[in-house]
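Novice: Sequence and predicted structure, then a few things I'm wondering about:
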Amino acid sequence: MDRLTTALLRIGQATRAISLEEARESGLTPVQAQTLLFVRRTKSFATTVGNLARALGSTHASAVGVVDVLVGRGLLAREQSAEDRRRTLLRLTPEGEKVCRRLVRWGHLLEESLSGLSEEERAALERGLGAVVWSLRAAGHLEVAEPCRGCVYFEEDAAPGSAEPHHCRLIERFISEEEALRDCPEHTPADLRPEPSPERG
């Protein structure tokens, strides 16, 4: 095992320890904190248990178990989708919103550990880790959700001046600026579009 791989594994160990410490401050387990933040940060029409399971890297049954506990604690609620009554969406309750506000600095210890890096070092680290993340995603080991901008399906200001000015070609739906800033499990970076096949002569 080379030194870079060892360093990444050690960062993973530290991240798990930090997550446990930060979640405990709000009376949650790390996976419960992740679940609440998933609901808060994910597009309102994509907060399904299936998407949650992929975000957590867990089974559907395990995700249901986490949701059941948070519903029982009054932090989450289930709601039928207006577009498809067969789909159930997760929503934060007012108490869940309060807890999420206490989690606003989730990950701040990691941010502080990067504060000593120069801009050039941070940029190089971001590029390198970004490549690793997308490689893991392509291999099916990681679920990556991002906001709309930079996605191949996103059309910014497709209906300027309206309450929902942006358009998503994937779901054929107009969305608000607030929704555009939330994470989407289907985010596909524009620079990852497959190259067009060469035309046959």
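Specialist: Structure received.
Novice: Mind checking the pLDDT average for the top helix by length along the chain?
Specialist: Criterion DSSP state H: the longest helix present in the chain is helix 3-24. Helix 3-24 shows a mean pLDDT of 79.
Novice: Buried residues, it. List them.
Specialist: I18, S19, E22, A23 (16 or more other Cβ atoms under 10 Å). Placement of C-beta: from N, CA and C, glycine included.
Novice: Follow the chain on from that helix and name the next helix or strand.
Specialist: helix 30-41 (DSSP states H and E).
Novice: can you pull out the helices in this protein?
Specialist: Using DSSP H, helices in the chain cover 3-24, 30-41, 49-56, 60-72, 94-102, 108-113, 119-138, 177-180.
Novice: what residue ranges in this structure score low on pLDDT?
Specialist: The chain contains residues with pLDDT under 70 at 104-108, 191-201.
Novice: mind redoing it with 50?
Specialist: 193-201 (pLDDT under 50).
Novice: show me what contacts the spatially closest residue to G96 that is not a sequence neighbour?
Specialist: Spatial nearest neighbour of G96, excluding adjacent residues (Cβ to Cβ, 6 or more residues apart in numbering): L75 at 3.8 Å. Counting by Cβ atoms under 8 Å, 6 or more residues apart in numbering, L75 makes contact with L36, L92, T93, E95, G96, V99.
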